[in-house]
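1. This is a predicted model, with the sequence first.
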Amino acid sequence: MKAEIRGSDAFSYVDLTLAPGDSVVAESDAMSSMSADLDLQARFNGGFFAGLLRKYLAGETLFVNVFKNNTKAPRSLTLVQPTPGGIRALELHNNTFYLQPGAYLASTEGLKLGVGFAGFVSWIAGEGLFRTVVKGSGTLWYGAYGALLDKEIDGEYIVDNSHLVAYEPGIKLRLQLAGGIFSSLFGGEGLVTRVSGKGRVVIQTRSLSGLTGWINPKLS
Amino acid sequence: MQVEFIHRPGNTAATLLLAAGESCTTESGAMIAMSGQLDIETTTHKRGKGGLLKAAKRLFGGESFFLNHFTARSGPGEVLLGTALAGDMMDYTLDGDALLVQAGSFVACEQGVEIDTTWQGFKNLLSGESLFWLKLSGRGKVVLSSFGAIYPIEVDGEHIVDTGHIVAFQETLEFSLTKAGKSWLHSMLGGEGLVCKFKGRGTVWCQSHNPGSFGMSLRPTLKPRK
């Protein structure tokens, strides 16, 4: 399988070429175009119960699609995300990665998706009570609204609410006020997430709740 | 007419440079700025062609009722055009062939281009797309816009494009509405629903982002409609 992320940071999409016998798992509605003779099969997102959990708890869809090339020649598939922004590919070698709700886009068959309890801190911070846990070996594609920033953490770091996209298992989340009571309430930052530990966090430069927060007062 | 694109792909605007005597037609509301000496005329139709009926059809096509015509009568000038959704633009030169354009993707065309609204049958109604497509034919440049990046697909045989991701396609292609997989059940469960299948030889231009899907992702935190 060949994969290329195109469309710049602003409008990333994934162009895949599936060799005969190759298959890829993608989030519901992620396909924008494909060869007409690729086979598509919907399946529960990690089993029926895990699928239900992921839909209601982790903000993902109940079903995922498996695209398989059962022909004798390479076939093309383009996967996209609903929000304009960056997409990253990550190779996992028997390790774990946490995704925030909505960040999952696609993965190869060697990866398992599950739901993990992210803790009440994550929930209050607007990051969801649960997170998607990706385990195994293979390639994971995930995306965001806006550009993606990587940050290697060793110690502590602060991320504004709803800007966290993904993090490694060595990271813990804690909630706190952005500053003192006054600057937290009036500085527009409010609650922030304090991430601590050792590992990588991925941050998105925009947030959907930021956009709707700007639109809402203008709606009559 | 010369076309230049600036600030691609995130904040694309098109600059149309008109030589003396040239004119162009644009979607109403697309103009950002223009030279002072250009004449503007707003009509419900392509100048000299059709009339109210064509305008009414265009309204169904998801386009606006009115079109603007810019003419460089007293020397050359420029028009800057932009769109509401963030994304890229493309130009295409018609040479007797025809393009079918998704409603909302039309930005501008040269004077030699015919704009018509075509009925594509009830299949379009089902696809969640608008009922009509704009058919651009004749000779001259056209400018189209998208939500997100634009990628062309050279179809030779069959190719599937999800509804909501089509910008335009060459008229040489046949299109039908169908399921994405072998079974209807899997297409529906998997959230792909109905897709467009293109057959034949020609180019389809796709947009990387679906306005409907982006809208749905705003829904959980958007204030309810009163």
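-> Cool, got the structure.
2. any weak-confidence spans in the chain?
-> I'll assume chain A. A:45-61, A:118-129, A:177-190 (pLDDT under 70).
3. I was thinking of chain B, sorry if that wasn't clear
-> Ranges of chain B meeting pLDDT under 70: B:44-65, B:118-132, B:186-193, B:226.
4. can we see that at 80?
-> Chain B contains residues with pLDDT under 80 at B:43-66, B:103, B:117-133, B:179-194, B:225-226.
5. List the residues that contact the residue most central in space within chain A.
-> Central residue of chain A (CA atoms, centre = their mean): A:Ala103, 1.6 Å from the mean position. A:Ala103 makes contact with A:132, A:142-144, A:165-166 under the criterion CB atoms under 8 Å, 6 or more residues apart in numbering or on different chains. C-beta here means a position set from N, CA and C on the backbone, and glycine is covered the same way.
6. Mind telling me what element the residue nearest to it when sequence neighbours are not counted is part of?
-> The shortest distance from A:Ala103 to any non-neighbouring residue, by CB to CB, 6 or more residues apart in numbering or on different chains, is to A:Tyr142 (4.6 Å). Per DSSP states H and E: A:Tyr142 is located in strand A:130-143.
7. partners of the next helix or strand after that strand, with directions?
-> For strand A:130-143, the following helix or strand on the C-terminal side (DSSP H and E) is strand A:148-160. The strands beside strand A:148-160 in its sheet (DSSP bridges) come out as strand A:191-204 (antiparallel).
8. Skipping adjacent residues, who's closest to A:Gly210 in space?
-> A:Ser162 is the one closest to A:Gly210 (CB to CB, 6+ apart), at 7.1 Å.
9. So the one you found is in contact with A:Ser209, correct?
-> Yes - using CB atoms under 8 Å, A:Ser162 makes contact with A:Ser209 at a distance of 4.9 Å.
10. The two: which has the busier surroundings?
-> Each of A:Ser162 and A:Ser209 has its neighbours counted (other CB atoms under 10 Å in any protein chain shown); A:Ser162 has more, 21 against 17.
11. On the three-state scheme, A:Pro82 is what?
-> State at A:Pro82, reduced to three classes by DSSP: H, G, I helix; E, B strand; the rest coil: coil.
12. who are the neighbours in contact with it?
-> A:Pro82 touches A:29, B:209-210, B:213-214, B:216-217, counting by CB under 8 Å, 6+ apart.
13. Only whichever of these are buried, select them in PyMOL.
-> Command for PyMOL that selects the buried part of the contacts of A:Pro82, burial taken from 16 or more other CB atoms under 10 Å in any protein chain shown:
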select buried, (chain A and resi 29) or (chain B and resi 209+210+213+214+217)
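14. Help me confirm that B:Asp91 comes into contact with B:Val3.
-> Yes - assessed by CB under 8 Å, B:Asp91 is found in contact with B:Val3 at 4.7 Å.
15. and for the two, which residues touch both?
-> With CB under 8 Å, 6+ apart as the test, B:Asp91 and B:Val3 both reach B:14, B:141, B:143.
16. Which phi and psi values does the first one adopt?
-> This means B:Ala14. Main-chain torsions, B:Ala14, degrees, to the nearest 10: phi -110, psi 130.
17. Same question for the last one.
-> Dihedral pair for B:Val143: phi -120, psi 130, per degrees, to the nearest 10.
18. Relative to chain A, how far out is it?
-> Separation of B:Val143 from chain A (CB to the nearest CB, to the nearest Å): 18 Å.
19. same thing with the first one?
-> For B:Ala14, the distance to chain A under the criterion CB to the nearest CB works out to 17 Å.
20. hmm, back to that, for the strand holding A:Tyr142, name the packing helices and strands.
-> With contacts taken as 3 or more CB pairs under 8 Å, 6 or more residues apart in numbering or on different chains; DSSP states H and E, strand A:130-143 sits against strand A:2-6, helix A:48-57, strand A:87-99, strand A:104-107, strand A:111-117.
21. hey, where'd the helices end up in chain B?
-> Listed in chain order, the helices of chain B (DSSP state H) span B:52-60, B:122-126, B:184-189, B:211-218.
22. circling back to that earlier point, now tabulate the contacts of A:Ala103 in CSV and tack on neighbour count.
-> Shown next, in CSV, are the contacts of A:Ala103 (neighbours: other CB atoms under 10 Å in any protein chain shown):
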residue, neighbour count
A:Thr132, 27
A:Tyr142, 26
A:Gly143, 29
A:Ala144, 30
A:Val165, 26
A:Ala166, 26
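23. Serialize those to a markdown table and add fields for distance to B:Glu174.
-> Formatted as a markdown table, those follow (distance: CB to CB, whole Å):
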| residue | distance to B:Glu174 |
| --- | --- |
| A:Thr132 | 41 |
| A:Tyr142 | 37 |
| A:Gly143 | 33 |
| A:Ala144 | 38 |
| A:Val165 | 41 |
| A:Ala166 | 43 |
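24. Within range of chain B, give me the residues from chain A.
-> A:6-8, A:10-13, A:15, A:28-29, A:31-37, A:39-42, A:61, A:63-65, A:78, A:80, A:82-84, A:102, A:208-209, A:211-213, A:215-216, A:219-220 (CB under 8 Å from any CB of the partner chain).
25. Can you name the residues that contact the closest residue to A:Gly136 other than its chain neighbours?
-> Distances taken as CB to CB, 6+ apart place A:Leu111 nearest to A:Gly136, at 4.5 Å, with adjacent residues excluded. A:Leu111 sits next to A:25, A:92, A:134-140 when contact means CB under 8 Å, 6+ apart.
26. repeat that with 10 Å
-> When contacts are counted by CB atoms under 10 Å, 6 or more residues apart in numbering or on different chains, A:Leu111 touches A:25, A:90, A:92, A:97, A:134-140.
27. could you check the distance from it over to B:Asp88?
-> 32 Å (CB to CB, to the nearest Å).
28. just B:Pro224 next, same as before
-> For B:Pro224, the distance to B:Asp88 - CB to CB - is 33 Å.
29. Understood, closing this out.
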